[in-house]
Structures are given as C-alpha cells and as structure tokens.
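In: Below are the sequence and a predicted model; questions follow.
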Amino acid sequence: MAEIFIDNVRYEFEGKPLVLQFMLDNGLDHPFFCYHPSLSIPANCRQCYVEAGTPVFNRETNSYELDESGERVIRFFPKLMTACSLEASDGMVIKTHRTSELVKRAHKDTLEFILVNHPLDCPICDQAGECPLQIQTYKYGPEGSRFEHKKVHKPKRIKLGPRVILDAERCINCTRCVRFTDEISKSHQLTIISRGDKNYPATAPGMEFDDAYSLNTVDICPVGALTSADFRFKARVWEMNQTPGVDVTNGKGCNIDVWTRDNLVLRITPRYNAKVNDHWMPDFGREDYRRMNENRISRPEVNLDGDKIKSSWNNAELTFTEAIEDVNPSEILVIGSAFSSLEDNYAISAYFNRLGVNDVYFTPHIEAGSGDGFLISDDHYPNTNGCRALGFNEVSAAELKSKITDKSVKAIISLEDDLIGRGVINAGDLKGKFFAYFGSNNNETSKAADLVVPITCSVETISSYINVDGILQRTVPAKETIYTDRKLNLEMSLGRLDRYGTKFDNWVSDSNKVDCIPTWEFLERISRNQNSSLGFNESGDVFEAISSNIESLLGIDYNKIDELQGVQLEISSNKTEV
Amino acid sequence: MSTTYTFSKEDLAEIEKIKAKYPDKKSPVMPVLWLAQDKFGHVNDDVQKLVAETLDLPPAHVFGVATFYTQYYKKEMGKFVIDVCTSFSCQACGAYDILHYIEDQLGIKAGETTADGKFSIQSVECLGACGYAPMLQITNGVYCNHLTKEKVDVILDKLKKDEMPAFERIPFPQHTTAKS
C-alpha cells in the first residue's frame, strides 16, 4: 500500500487523497481557510503551507536512491506547497509546523498578512468563538502586529440579500461563498469585486442574494464577514448548547445542529451527513426555530361551550378517556401524521389498536414540483415514509375529508397536522364530533379541537423520522420541557452556562419551558389509569416496540441510528400522487 | 438615466467572432467588455448587464471582471481619462505630487469628472512603467513618462486643444548602453 510520511510518522493511504484532507482525516491539526471538502480548491488563502518532497527514484536500478546512512534521498519542492491542493504520492514526505521551522514561520507570516486589514472587532463579532481566523491566529499567528498604519476601510452592514449581511472589512477573500453559489446552489449570484486590498464579495448591481440556500455561505464563511440577518447579535456562541437534530420542515430531513440558550432555540445550522445533506441545508429550514419557541401549546386545553380554556392534565386525561369510552371503536377515526415522529405515530396506533381500531389514516403533504431536486423535496413533511412503514392507510386529502365528514364517525383523534390550515378540511367538517388534537403549536386545527393535548416537538424528545429517500434518523432532545432537566437526562447536552451556572444566577433563565409531554407518555398515563400499561417508560421503549413489530425496522435501535448516521431502509416505490 | 444600451447587428457579429476564439463561455468577457466600452464610452451597470445577457453569463461574473480593472470605466467618464499611477515606484518618485497638481489644475479630485465632461482623473495601480516613474496614461492609450509639473502643464494644454500628446519612445537602459 502507498505510504506517506508526515512529520516522520508513516501513514498508509489508498487512491489519491489531498494532503490537507488526509491530515485532517488522521486527526492532525493544520490551519486553512479557503479549503472546503465539498467545494473546488482555489488554494488562495495560502495558509496550509507544508514542506513536501518525494523520494528520488532511480529508473535504472529500479529502486529509491539512498544516502550514506541508508535513508531515502528526498527531493523537496523548491517552495512551500499548499497542502489543500497537493495530491499525496507514494513515499511522499511532508513536514508541517510540527517539524519545520520554515512552515511555522510561513503560517505565522501568512496570518500576519491576512490580518493586515482585518478589523479587531472580535468582541462585537458574531463569529467570535467559532471563527477559524480567530482560532488559528491564537494557534499559529504572530504575537502582535507590526502594521501601524490605518487599516483599509470597506463597506460595512451591506444587506446582500434578505437573509445575509456582509461586513466587507472582515472578509479575507477566501471565495468560499462565491464557490458555493457557483458550485453547490448554482445561483451564481456572488462574485469578488475590485482587486488588491479593496476587494470583497458582492452581488451584481441591482441584484439580491436571495438564493434559497444563501445562509450556507454564513456557515462556511471562515470569518465574520457574512452574518445571518436573523441571528446577528442574538447570542455568543459559547453561551449556547449545540445539540444534533433533524430538520422537520421538509421530506429530506437535513441533519441539523440546534443551538439553544435559556431553553430557546436561537439558531439552526446544518450538520454534516454525507448520505443526506452533505454540509448544507435550505434557508427556510433554519426559520423553524420559531416554531420550536413561539406559539406553543402549553398545558392541555378543552373546549367549554365554545371557549378554549386551559385545563389540568388530570382533566385532559379524563376528558379523553370518557370521550373514547362514549363511542364504539367503529365510530373512532384515528389520523396519524407525516409531520410527527415514528414514536408519536406508533404510540397512537398502538393505543387504539388495543381498543379495536385497526386502521390509522394519514394524508401526505406533497406538492409536486415544489422541490428543487437538491435539498428541498416535494414532500413538505419529514415522515411520510415513516407513516408508510408503520402500515398506515395513505389516503388523498379528499378521501380523508370524506372519512372525517362520514356520519358514522363520532370521535376523531388527530396527531399534529394542520389539516384545516392546509385546506384538507374546514372547521365546519368537525361539527358535532369529538375532536382531540395532539399538537405542539397553535394552529387552525388546534383551534377547532374539543381537546388539545400539548405534545413535545422534535427538539424536546427523541423523535425518529424516515426521510424521502428512506433514511431513518432521529433527534436528541435539545430543549427542556417543564418535566425534563438537562442535568438529569444524559441524552441532553450541557452548555457552558448549564454546567457552571446555577438556577440562581441572574444570567441563566429557567423560563421558556413548555408544559407538554410526548404522545406516548399521555397515552401511557391513560392506559395506566385503566390498569393496562402500554409498557412505555421512555422513547426507547416505543422505538423498541416499533422495531420488534415492524418488519422493515427489525433489529434497529437508537444506537444503531447514531452509529450509522441514519439507517438506509428499503422503501416501496408505490407512492400515491396527491 | 434611462438610456437603454443595445448591440447592433455588426456588434453581435463581432462578438460571435470573439466567442469563436475561446473554448469556454467565460473567456470572451474581457474582449466583449472592451468592445462595449469602445461603443458606449464606458461599461456602467447597464452595459455590464447587456454584456452578461449577450454572453449568457451570470451578471455577477461580468461585474467582478469589470471592477477588477481600472481600465474599464464603470461610469461615464470625461473625454480624456488621466490615469495617474500611484503604485510603489511612481509613489516613491512623487506620483502623489503629480496627482495633486493635476487635481488642482483641473479643479477636481481623483475619481471625478470636470463639469464640461472633458477630463476625468483616476488614481490607478501599477501600469508597468516603473522605469519611467512617475507616469500617467491617457484614456487607456498614450503613456506620459518622467512627469514633472512643467511636463504636466504641456500635456494638459495639448489636451485642452483636443490634441493627444505624442507617444514617447524610451529605450531601455541596456539598449542605450549597448549602442555606445
């Protein structure tokens, strides 16, 4: 196998890896700015310099030339090489800053050069704390600056588009954003204008940077030049918790990181998953943090003579049980939801199966042609394939409406899906029937319900989804409900403030917790009231029941999902067009 | 300013000829921008847009190219554009004195155009004539070298009479020594 020597350590490699990527893959730290694994390689920041050499091969003797001490003679490239664009070759010798004073000096000098006109505004910069320039300056940079002249001033606070704001002075012209619009989103909206120390990225005159993926440029910007108009100045990075999750605004199920502080989700950024979304996600998925924070249903609500009043959980449980007991199983219509997780859907079907209601219906939210073939799918809901896998009856919107309006149906149980809001039914269709709605956000449908059970949303409990391509993924709780505590739940991540703060610190807030429980927990409570437990004590129990009952999910558990970064399932192609 | 810019049939034929010279789509940008500047006298935002449409390129790309070069005029310029080099060699030989002198003579600042539309001044980067510093170039054409205030007076007087200063041949030192 081909070998490469990096800092006198031998590594083996296959194919033609690039030296920088190979070093990063092997856990060797190396500074760089413009290189991005998913973009082309311009090698323009010059930060990843290494000394590189190849052994001298004698074609006549068909062997490597050796020096007096029996070591291979290495012919070094006359100048330093950029590791990002250098292809590894057999026997190559690389010297990095760990072994070469020259490389160390080069890293320092390149950084000094990059920093000549860079403003020293880290204390007010959004990127601080997650800024490659800041981190690498600490690690490899010069102690101070020798430049005492006035820095070049460039435009600040330019609204490049509706979601992205540019601070041209901070830009180091790595061109990652330009390459992103050229190569990934293909909108070609950005370019670097002007030259020398006056250049910075911009759109063409009169054009807006309104790319559906524009906020990805903010993520890949290695400095604070591009910032999100929405998240700007909201929180320091080190104050937030970062928790892995799955985007539920779309059938694609992009992997995300959920950033919370004081139990509010403040931003959503994409998380790398080669199988699903690479490093990217669409802009509208990031807006979803509002749904997690705002307009939440907290405490159960019952309809009393046309008025919605908050009720206790006890009362909600009783109301639900009585309403169900009042009618025959044949008069109950259970509606699952492609918006909700496998756990929620399964729990509701398991509960009603025991009562003798065997059919669960759902109608997908697919708009043909609304996707773009990249990360925006035609399917607006994250779990359509999940509902299919659970064996729910997939019906069209019209069919569901006729089922709901059917005279024989007296009680309707619906899992979070804004059926009225998206025009499947209207409020009048529910007249004279008991309508229970399990949901996490207020909407038209929850308004029309006789009983609203507040349930956790995707970031408050473990939720699994099967995306449009049949990949099973799950979220991790990121946000506490009033019944959970991130210090007790080992699944939840602890941020700096959670770890070192106490409830009595005035910079920590314990508010913003929603009074809601997972669907399975509500149904389990009701079952226990009737002395017949469903056996659900935690989300894992629900998933275990799913994987032992559903053939296509056999043998899968949360650990396996985590290990494989999403489990690819076989999905049937008989998708109904709606 | 609602002037609409269009290429005539002859221009388009010329552009086709330019395009045929290059294997890829992006390459003809510079010659076509030149063609446009020759025709319209400048390549402002609208002209850049026209070029982008004609070549079926993203407008951002054309914008990037046009702003990279000071030789492309991104707004309407005077009849004579005086590009004073203020890069290192010229600067060391007093380019800023020359620049400010011209500014005072014409009553405008670098980057501006006189009210009569006759002169524009630009402070530009290296024009590759470091050996004859300080120097200036007139409307992407004639180089005026070894500038002094007196020499600038002569140049400005000529330009005011719509006469272009003559092209100055300055032999390289090694050539002059070879002769002797």
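Out: That came through, no problem.

In: the bottom helix or strand of chain B by mean pLDDT?
Out: helix B:173-179 (a mean of 64; mean pLDDT, DSSP states H and E).

In: got the residues of chain A near chain B?
Out: Within chain A, the positions near chain B by Cβ under 8 Å from any Cβ of the partner chain are A:188-196, A:202-207. In this view, the C-beta of every residue, glycine as well, is placed from N, C-alpha and C.

In: Mind giving me the ChimeraX command for buried ones among those residues?
Out: Filtering those down to the buried ones (16 or more other Cβ atoms under 10 Å in any protein chain shown) takes a single ChimeraX command:
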select /A:188,189,190,191,192,193,194,202,203,204,205,207
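
In: of the residues of chain A next to chain B, closest to A:S446?
Out: Checking the residues of chain A next to chain B against A:S446 by Cβ to Cβ gives A:Q189 as the nearest, at 39.2 Å.

In: give me every residue that touches the closest one.
Out: Listed by Cβ atoms under 8 Å, 6 or more residues apart in numbering or on different chains, the contact set of A:Q189 reads A:161, A:181, A:203-204, A:207-211, B:58, B:60.

In: Filter the residues you listed down to just the buried residues.
Out: A:161, A:181, A:203-204, A:207, A:209, A:211, B:58, B:60.

In: Up against chain A, what does chain B have?
Out: Looking at chain A, the residues of chain B close enough under Cβ under 8 Å from any Cβ are B:45, B:48-49, B:52, B:58-64, B:67-68, B:125.

In: at 7 Å instead, please
Out: Within chain B, the positions lying close to chain A (Cβ under 7 Å from any Cβ of the partner chain) are B:45, B:58-61, B:63-64, B:67-68, B:125.

In: Next, give me the two most distant ones among the residues you listed.
Out: Among those, B:P58 and B:E125 lie farthest apart (Cβ to Cβ), at 25.9 Å.

In: List the ones among the contacts of A:Q189 that fall in strands.
Out: Among the contacts of A:Q189, the subset assigned to strands under DSSP state E consists of A:T203.

In: Quick one: the contacts of A:Q189 as TSV, columns for pLDDT and distance to A:I256 too.
Out: TSV is the format used below for those (pLDDT from 0 to 100; distance: Cβ to Cβ, whole Å):
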residue	pLDDT	distance to A:I256
A:G161	95	21
A:T181	97	21
A:T203	96	27
A:A204	95	31
A:M207	93	29
A:E208	95	25
A:F209	96	22
A:D210	95	22
A:D211	94	19
B:P58	96	30
B:A60	96	29
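
In: between the contacts of A:Q189, which is nearest A:D67?
Out: A:T181 (50.6 Å).

In: coming back round to it: what's the most distant pair in the buried ones among the contacts of A:Q189?
Out: The most distant members of the buried ones among the contacts of A:Q189, if one measures by Cβ to Cβ, are A:G161 and B:P58, lying 14.9 Å apart.

In: Which stretches in chain B count as helices?
Out: B:9-20, B:29-40, B:45-55, B:59-68, B:88-92, B:95-106, B:149-160, B:173-179 (DSSP state H).

In: what angle separates the third one from helix B:9-20?
Out: Spelled out, that is helix B:45-55. 60 degrees (axes from the mean of the first three to the mean of the last three Cα atoms, to 10 degrees).

In: ditto for the fourth one
Out: Angle, helix B:59-68 to helix B:9-20, by the same axes, to 10 degrees: 90 degrees.

In: Return the set of buried residues in stretch A:13-28.
Out: Quick answer for stretch A:13-28 (16+ other Cβ under 10 Å): A:13, A:17-24, A:28.

In: Tabulate those (CSV), appending secondary structure and pLDDT.
Out: Formatted as CSV, the buried residues of stretch A:13-28 follow (DSSP: H, G, I helix; E, B strand; the rest coil; pLDDT from 0 to 100):
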residue, secondary structure, pLDDT
A:F13, strand, 96
A:P17, coil, 96
A:L18, strand, 97
A:V19, helix, 97
A:L20, helix, 97
A:Q21, helix, 97
A:F22, helix, 97
A:M23, helix, 97
A:L24, helix, 97
A:L28, coil, 96
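
In: just curious, which of the residues you listed is nearest to A:V327?
Out: Distances from A:V327 to the buried residues of stretch A:13-28, taken by Cβ to Cβ, are shortest for A:L24, at 61.5 Å.

In: Give the full set of residues in contact with that closest one.
Out: Applying Cβ atoms under 7 Å, 6 or more residues apart in numbering or on different chains to A:L24 gives the contacts A:H30.

In: need the next SSE after the helix or strand containing A:K139, C-terminal direction.
Out: Under the criterion of DSSP states H and E, A:K139 resides in helix A:132-140. Following helix A:132-140 in sequence order, the next helix or strand is strand A:158-159 (DSSP H and E).

In: ok, that following strand: who's next to it in the sheet?
Out: In the sheet, strand A:158-159 lines up against strand A:164-166 (antiparallel) (DSSP bridges).

In: Please tell me how far the closest residue to A:D562 other than its chain neighbours sits from chain B.
Out: Spatial nearest neighbour of A:D562, chain neighbours left out: A:R474 (7.7 Å); criterion: Cβ to Cβ, 6 or more residues apart in numbering or on different chains. Taking Cβ to the nearest Cβ, to the nearest Å as the measure, A:R474 falls 40 Å from chain B.

In: Hmm, A:R474 is touching A:N559, no?
Out: No: using Cβ atoms under 7 Å, A:R474 is not in contact with A:N559; the gap is 10.5 Å.
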